[in-house]
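In: below are the sequence and a predicted model for it; my questions follow.
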Amino acid sequence: MQNNTMFVGIDVYHDGAKGKGRSVAGLVASLNKTATRYYSRVTTQGPGEELISGLKTCFIAALKKYHSVSTTCTCACILAVGQLFL
């Protein structure tokens, strides 16, 4: 694994009240080469939504934070979505 790898995980939680509660999406990303510092962000969306409408905003914020902490200008990303790895 190269030293400048950012590990990213995203998932969505749905409120148990069918059709009444909002869904909450979360993103967490490692910020250093030893994966011991993290950035996290959550966003709410409509009930039952699986696709994360605020993913672009969350991911860009994580990349900006990674680059502000790291001295490298580029990084490789490994993404885990719920139970899937991409």
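Out: Thanks, I have the structure now.

In: count the neighbours of L51 for me.
Out: A count of nearby residues for L51, using other Cβ atoms under 10 Å, gives 8. Every residue, glycine included, has its C-beta placed from N, CA and C.

In: kindly report the same for A29.
Out: Neighbours of A29 (other Cβ under 10 Å): 25.

In: what's in contact with the helix or strand where it lies?
Out: Taking DSSP states H and E as the criterion, A29 maps to strand 23-30. For strand 23-30, the surrounding residues in contact (Cβ atoms under 8 Å, 6 or more residues apart in numbering) are 5-15, 36-50, 52-55, 58-59, 62, 65-66.

In: could you list which of the residues you listed belong to strands?
Out: Of the contacts of strand 23-30, the ones assigned to strands by DSSP state E are 5-14, 38-45.

In: tell me the SS of K20?
Out: Judged by DSSP: H, G, I helix; E, B strand; the rest coil, the three-state class of K20 is coil.

In: enumerate every residue touching it.
Out: P47.

In: same check on R22?
Out: Counted by Cβ under 8 Å, 6+ apart, R22 has contacts 15, 44-47.
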